[in-house]
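Peer 1: Sequence and predicted model, in that order:
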Amino acid sequence: MEQRLLTNKKEFKAKGFILQWEWLLVALIVAMFVMNSNLSEYFFQYDNLRDATMGFLDKAFIVLPMVFIIMMGDIDISVGSIIALSSVVMGDLYAHGVPMPLAMIICLAVGTLCGWINGMLIVRYKELSAVIVTLATMTIYRGIAYILLKDQSVGKFPSWFKFLGWDYVGTLPFILIVFAVFAIAFGLLLHKTPFGRRVYAIGNNPTAARFSGVRVDRIKVIVFTLAGLMSAVTALFLTSRMGSTRPNIATGYELEVIAMVVLGGVSTAGGKGRMIGAILAVFLIGFLRYGLGLVNVSAQMLLIILGGLLIVSVAIPQLKSRFAIKRKA
Amino acid sequence: MKKFLVTCLTVVMLMTIVAACGNNNNNGNKGSSASPQASNAASPSGDSGAKKKFAIIFKNTGNPYGEKEMEGYKKAVEELGYEAILKAPDQPTAEAQISMIEELISQKVDALAIVANDPDALQPALEKAMKAGIKVISLDSAVNAASRLVHINQADPERIGRTLIQGVVEMIGGSGEIAILSATSQATNQNLWIEWMKKELEDPKYANVKLVKVAYGDDLRDKSVSETEALLKSYPNLKGIIAPTTVGIAAAGKVLTDKGLKGKVQLTGLGLPSEMAEYIESGVCPWMYLWNPLDVGYLSGYVADALVNGTVTGKVGDKVTAGTLGEKEVIADGDGTQVMLGDPFKFDASNIAEWKAVY
Amino acid sequence: MSANVQSASPTEGKASTGRTISALIAKFRELGLLAFIVILAVGVQFRNPSFLTWENLTDIATNTAILSILSVGMMLVIITRGIDLSIGATLAFAGMVSALTVKHNPGLNPVAALLIGVGIGIGCGLVIGFLVSWVKILPIIATLGIMNVFRGFTFEASGGKWVSAHQMPTSFKSIATGSFLGINNLILIAIVIYIVAYYFVSHTRTGRRIYAVGSNPDSAEVSGIRTGRILLLVYTIMGGLAGLAGVLWVSKFASAQGDTASGYELSVIAACVLGGVSIAGGVGKISGILLGSILLGILNNALPMINVSAFWQMFIQGAIILIAVLVNALVKRGIDRNNLMRRKI
């Protein structure tokens, strides 16, 4: 622990290290591309790579606010359920004759509301950690989705709705463009605004941040609300991808999102990481899965490779700093 | 700094090798059990274009029933001289199956057979596959009529539902309370069978038989056990349980055995012979039904072949000669068409010993 | 050792100097939760009279035994500011290997099967402990990655097949169904583990050091505690308990699958956090996690029994968990306020 504190200080003095993490991810991505291109002739083709992004970018929307949440040392495991609830509400309303554009707006509103409730519970009841609050709301939100739709699914959306998840603007997938816009917005929010600096401050030391005038509660509520909103955005794209919705969609998304964020170099101990890392991690995991899928690696082997990748890539800088300290000593 | 970058690169290279090795090992290991063909698929270019590729996607991995279905499909495809690709996600979700469909479209397979986790959610992905010229069929757990050319039905849902009610009524002696223990509330097949069971119960001759509850064990051992125990306590007069799902029927068999309720509460349903052998031999479950998953897969392989070669188009009246299974006809099924395998097979104490080793 | 005492005093009344008052508070800490459980039980009893019967209570206890065993290990892990997401996978892996072993050696003594499971669990735990304590990977990441790896191993070990009831010898299945002095073995094992764990965390030096490491790692290190060793120990205990639970699980349900106990880690974490274990570390009591496990056990047993629609079950479960933690938090606040007032006077 002492050692970690020392390395922390060092990292904040020399920004270089944080940059290195992103370079490591870039190197991994390059290696992964080389490997996959060797394994399958179908991998390195523009059409295929482009279509692959449509498959994994839906969860990437939640990665963006999750970076903020994990940066503050919190966690939100209810995002998968928020997707299900907002998607089911949208589908149910449409099935009852509400026009699709209005249903989509309500979908976003429901997600935002769910996130806001999470945030309010977390700041009102400080003795409860975000884990337990979102664990409870995770069950509640999906429970409401089950109450609404029971064993039914709703679909038959208007044909233009399919555009979101399956179509292109020019030659680029629509979802990729939307993601790029959001990614830039969230990146700027984190790195170029006072809001982002306060999030870093809370992550480093919430008590100190509070005493230096940061309105911790307000920032937390905003961040969790954003997570709800982005879950609803995911719900829109995912529902479009599936052409229908039912209460059990997006099961287990929360862990995948968290894995991407931590692989991106954001520390669950708070205060460390950059937006670009998480975005690189999204593409690393996404293309790796796709590439191994192209050569039909079995699901269990895929699990082992992804788990190993997560641990090895996180272990490298830790080991490196460990040996660096030893050498100094 | 430089040193570190060098370390990074070394590690990256190492990982590339490790990942590649892992991949090879996998193919080596799996050779005996599931998919030796996967290794062919893994070796780049070489034989591509020469052999037609037939793919199957099951619900999830590590499911013995699914392994047998994929084995049957592979057997048929290899008899026909093609290459089989067997895939299954680690979790039984439609999202994961959509990604797999995309991967198969990129690989330009010729035919795709799918055991769907959701009847509607795969529609856009399967439509894209059909647009790309892939012949799409579903087997076992169907997708809706717009997302497939033809469905391979293991057994008529109506027959399954009605047979199960007739079976349990015979076991309980014509009157009493019965309950159903299903998989998840979202499971397509189970919901369809339960509908038919309810329809069969409308017959006046079942006036004394009362369906008290449909419980959902979610195909989880612990939840299925809790649900069974709750059924027994909430309905002390319960005389029969129908569990049309492998995990559910085995969990119910275990509870009835442990509580010494053999003979007091009867159990039937659909289950794997290997899982149920213990309870059928002991008499807790007098008999149950299932079809042969190997045959379901095998038939699908031949239907896919007929579609790819253009000998059939999947419309009503088409006939497919399916290897050892003989000739099968395409019949109507709602808006779409299907091929029926046959009637469910009855497993009881007399034949379970020979089947428990098979699947 | 100052860190030790300091850390323990807010929750563990016995270690502090103000013996009587703190002991009283310590008793009251879980009052909200206990009251909630009682109210819940009475309410369910009202809807279904067979709820509070000896048979049903034994069922609840048997079904909750595995969960409660796992929460002991999880509590220790969370006290050190960690978390272990891999226990579901460890459980499945250990269960699968022991099931495969008895399948091939039907004559094997069931105790040996238990030891194999525990041994594999300890091995898995050591790996995680090494990653967390020596490589210093954050526990959530290490266990998230390892979870996938062990799950993959389980599938590979079984070759996609299940081990079914008829392939297991009766002696193996009777680990979970047998009883001693009229009490089911599962319950007995859980009771023994709770007694040992209670003694371990409250009355041994190592046990107290776990709290010290959790409440303030830096001062623990300064005061001469080898934090690395404590972390390694904690994850090894967790692994061993998960391995034990794996054998019990497979024996109880008479079936080993690749996806056994998938997602079970969330239930275990929920039991701990419901029982007042703080994710921030340093806080957690054996009595608390026992109550937390019991609450979850009652929920799993009672919801099917009160005959609500299956589609409402999930919502009700979530709502009860939320209300339980909120009530507990409010009761604690009330106690703290009273305490503060008394101190001022």
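Peer 2: Everything's here; your move. Numbering: from 1, shown residues only, chains lettered A, B, ... in the order given.
Peer 1: Over to the closest residue to residue C:286 other than its chain neighbours: give its phi and psi.
Peer 2: Distances taken as Cβ to Cβ, 6 or more residues apart in numbering or on different chains put residue C:198 closest to residue C:286, at 4.8 Å, once the chain neighbours are dropped. (C-beta placed from N, C-alpha, C; glycine too.) Note on residue C:198: backbone dihedrals following degrees, to the nearest 10 are phi -60, psi -50.
Peer 1: neighbours around residue C:198, how many?
Peer 2: 16 (other Cβ atoms under 10 Å in any protein chain shown).
Peer 1: Tell me how far it lies from chain A.
Peer 2: Computed as Cβ to the nearest Cβ, to the nearest Å, the residue C:198 to chain A distance reads 24 Å.
Peer 1: likewise residue B:130?
Peer 2: Taking Cβ to the nearest Cβ, one finds residue B:130 at 14 Å from chain A.
Peer 1: SS state for that residue?
Peer 2: helix (DSSP: H, G, I helix; E, B strand; the rest coil).
Peer 1: from memory it sits against residue B:143, does it?
Peer 2: No. Using Cβ atoms under 8 Å, residue B:130 is not in contact with residue B:143, being 11.3 Å away.
Peer 1: Of those two, which one has the most company?
Peer 2: residue B:143 (27 against 16).
Peer 1: If you drop the residues flanking it in sequence, what lies closest to the more buried one?
Peer 2: Per Cβ to Cβ, 6+ apart, closest to residue B:143 is residue B:116, 4.6 Å.
Peer 1: Give me the phi and psi angles of the one you found.
Peer 2: Per degrees, to the nearest 10, the backbone of residue B:116 is at phi -80, psi 140.
Peer 1: what's around the closest residue to chain C within chain B, how many residues?
Peer 2: Ranked by Cβ to the nearest Cβ, the top residue of chain B for proximity to chain C is residue B:62, at 3.0 Å. Neighbour count of residue B:62, defined by other Cβ under 10 Å: 25.
Peer 1: quick one: secondary structure of it?
Peer 2: Criterion first, three-state DSSP; result for residue B:62: coil.
Peer 1: wait, isn't it in contact with residue C:160?
Peer 2: Yes. Using Cβ under 8 Å, residue B:62 makes contact with residue C:160 at a distance of 5.1 Å.
Peer 1: what residues do these two have in common as contacts?
Peer 2: residue C:258 (Cβ atoms under 8 Å, 6 or more residues apart in numbering or on different chains).
Peer 1: what's the residue of the stretch 201-345 of chain C found nearest chain B in contact with, if anything?
Peer 2: In the stretch 201-345 of chain C, no residue comes nearer to chain B than residue C:258, which is 3.0 Å away by Cβ to the nearest Cβ. Neighbouring residues of residue C:258 by Cβ under 8 Å, 6+ apart: A:300, B:61, B:62, C:92, C:96, C:151, C:154, C:155, C:158, C:160, C:162.
Peer 1: Also residue C:201?
Peer 2: C:76, C:207, C:208, C:210, C:211, C:286.
Peer 1: Same check on residue A:36?
Peer 2: A:43, A:44, A:287, A:288, A:290, A:291, A:292, A:294.
Peer 1: Could you export those as CSV, including pLDDT?
Peer 2: CSV is the format used below for these (pLDDT from 0 to 100):
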residue, pLDDT
A:43, 90
A:44, 89
A:287, 94
A:288, 93
A:290, 93
A:291, 93
A:292, 92
A:294, 92
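Peer 1: Now, those residues that are in helices?
Peer 2: A:287, A:288, A:290, A:291, A:292, A:294 (DSSP state H).
Peer 1: Keep the residues you listed, but drop any that are not near chain B.
Peer 2: A:290, A:292, A:294 (Cβ under 8 Å from any Cβ of the partner chain).
Peer 1: Correct me if wrong: the second one contacts residue A:303.
Peer 2: No. The criterion here is Cβ under 8 Å, and residue A:292 misses it with residue A:303 at 10.8 Å.
Peer 1: more neighbours, the two?
Peer 2: Just comparing residue A:292 and residue A:303: by other Cβ under 10 Å the higher neighbour count belongs to residue A:292, 27 against 23.
Peer 1: Setting aside sequence neighbours, what's the nearest residue to the more buried one?
Peer 2: residue A:302 (5.7 Å).
Peer 1: Distance of residue A:106 relative to residue A:273?
Peer 2: From residue A:106 across to residue A:273, the span is 34 Å (Cβ to Cβ, to the nearest Å).
Peer 1: Would you mind naming what in the stretch 151-300 of chain A lies close to chain C?
Peer 2: Counting by Cβ under 8 Å from any Cβ, the stretch 151-300 of chain A sits next to chain C at A:151, A:252, A:255, A:258, A:259, A:262, A:267, A:268, A:269, A:298, A:299, A:300.
Peer 1: quick one on the thing from earlier: per-residue confidence for the residue of the stretch 201-345 of chain C closest to chain B?
Peer 2: Residue C:258 carries a pLDDT value of 87.
Peer 1: Need phi/psi at the nearest residue to it once chain neighbours are set aside.
Peer 2: Counting by Cβ to Cβ, 6+ apart, residue C:258 lies nearest to residue B:62, which is 3.0 Å off, once chain neighbours are set aside. Reported as degrees, to the nearest 10, the phi and psi values for residue B:62 are phi 70, psi 30.
Peer 1: do the same with the one 3 residues further on
Peer 2: As for residue B:65, its main-chain torsions (degrees, to the nearest 10) stand at phi -60, psi -50.
Peer 1: hmm, whichever strand or helix holds residue C:78 in reach of chain A?
Peer 2: Per DSSP states H and E, residue C:78 falls inside helix C:54-79. No. Helix C:54-79 does not reach chain A (Cβ under 8 Å from any Cβ); its nearest approach is 9.6 Å.
Peer 1: Could you give me the buried positions within that helix?
Peer 2: Residues of helix C:54-79 classed as buried: C:56, C:59-79 (neighbour count, 16 or more other Cβ atoms under 10 Å in any protein chain shown).
Peer 1: Ok, stretch C:173-188 next?
Peer 2: C:173, C:175, C:176, C:177, C:184, C:185, C:186, C:187.
Peer 1: how near is the first one to residue B:254?
Peer 2: Right, residue C:173. On the measure of Cβ to Cβ, residue C:173 and residue B:254 end up 9 Å apart.
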